[in-house]
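**Q** When you get a sec, could you give me coordinates for this:
(chains A, B and C)
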Amino acid sequence: MPELPEVEIVRRRLHSAVVGQLIEDVIVLDPSVCRQEPAEVRRRLVGRRIAGTARRGKWLIFDLGTVLAVVHLRMTGRLLWRPAAEDQSRQPRFVIELEGGQRLHFFDVRRFGGLWAVPTAEATAFFSELGVEPLSEEFTVACLRDLVAGRRTPLKAFLLDQRRIAGIGNIYADEALFRARLHPLRPAGSLGPREAARLWGALRETLQLGIDHEGSSVESFVDPAGARGGFQEILNVYQRTGQPCRVCGASIRRVVVGGRGTHYCPRCQPWRSARAERRKAPHCTQRGH
DNA sequence: AGTGGCTCCTGGCGGC
DNA sequence: TGCCGCCAGGAGCCAC
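**A** Residues are numbered from 1 along each chain as shown, chains lettered A, B, ... in the order given. Okay, the predicted model is just below:
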């Protein structure tokens, strides 16, 4: 599923090709992907020039000056210059036509994704529910400690809550918790200072690693040119139920947290705090993360 | 505040 | 081989 790293890859791949380009037309073939009146979306976007691109959490933003074209890929959305082989039999949901004949196609089998035309003046309100950007300077260990303070919700559910931290989805939540050696069901507010610092570092590392590997092609993610990412090759726990942990060899477990499949290593991610774990089992060292 | 359930949607899977 | 039923999952919404 497209999460922060995948959306960031899409943004980077599109950036130089679209900036400075005029939007000549927006063809909405499936009105259900427009969460606003398609004619209104079209009226707001057509004839404007793309000044820049941005990303907020999992939202991809085309800055048109007075208005933003905002795209969310949700589960299966893909933006492609040319339809991929598996998309050729179906219609795109919408097409953005740029000057010079370039066409950006939006495909989405499950139709969860969408397109919004947001006046720049309303952008703050539009994104007001989104939490901190985990790769920004604003996101510090102290910031994370503030966010988890007093919260009894499980760490996994906390990480998926876009109102707290924006951009983390199921894959990177599971992988970051593994790197931080934290059990996904631990109440967020129960983290000690060292554990919070570990989670902070793990989140940044995992997301950056995802970007460095051009995203995870777990479901169907490809970049606008159709290229797959590589992060799925180095997943430690996500969708590895029953397989041996790459660090300790224990069998990876799957539980459901907040209605989401959650994967973890029962030995590397014990319920107890790291200190209690060392006391109880001094032979069990945690290295290699 | 937190949880659980429902909704959107459809490819892909297991079971028979 | 074929068909039916179920499930994943991001996010918003609602009830409790």
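**Q** For chain A, list the residues in contact with DNA strand C, please.
**A** The interface of chain A toward DNA strand C, taken as CB under 7 Å from any atom of the strand, is made up of A:1, A:3, A:57-58, A:72, A:74-75, A:110, A:112, A:129, A:160, A:162, A:169-171, A:239, A:256, A:259-261. All C-beta atoms are positioned from the backbone trio N, CA, C, and that covers glycine.
**Q** which among those residues end up buried?
**A** Taking 16 or more other CB atoms under 10 Å as the criterion, what is buried in those is A:1, A:3, A:57-58, A:72, A:74, A:160, A:162, A:169-171.
**Q** Including secondary structure and distance to residue A:269, could the residues you listed go into TSV?
**A** Formatted as TSV, these follow (DSSP: H, G, I helix; E, B strand; the rest coil; distance: CB to CB, whole Å):
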residue	secondary structure	distance to residue A:269
A:1	coil	22
A:3	coil	20
A:57	coil	25
A:58	coil	25
A:72	strand	30
A:74	coil	28
A:160	helix	17
A:162	coil	23
A:169	coil	19
A:170	helix	16
A:171	helix	16
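**Q** Show me where chain A dips below the pLDDT cut-off.
**A** Counting by pLDDT under 70, chain A shows low-confidence ranges at A:84-89, A:219-220, A:272-289.
**Q** Only the buried residues of the longest helix along it, if you could.
**A** Determined from DSSP state H, the single longest helix within chain A is helix A:193-212. By 16+ other CB under 10 Å, the buried positions in helix A:193-212 come out as A:195-200, A:202-203, A:206-207, A:209-211.
**Q** near DNA strand B, which of those residues show up?
**A** Okay, of those, nothing touches DNA strand B (CB under 7 Å from any atom of the strand).
**Q** quick one, phi psi at residue A:261?
**A** phi -60, psi 130 (degrees, to the nearest 10).
**Q** what are the ranges of the helices in chain A?
**A** A:4-18, A:38-45, A:123-126, A:141-148, A:155-160, A:170-179, A:193-212, A:274-280.
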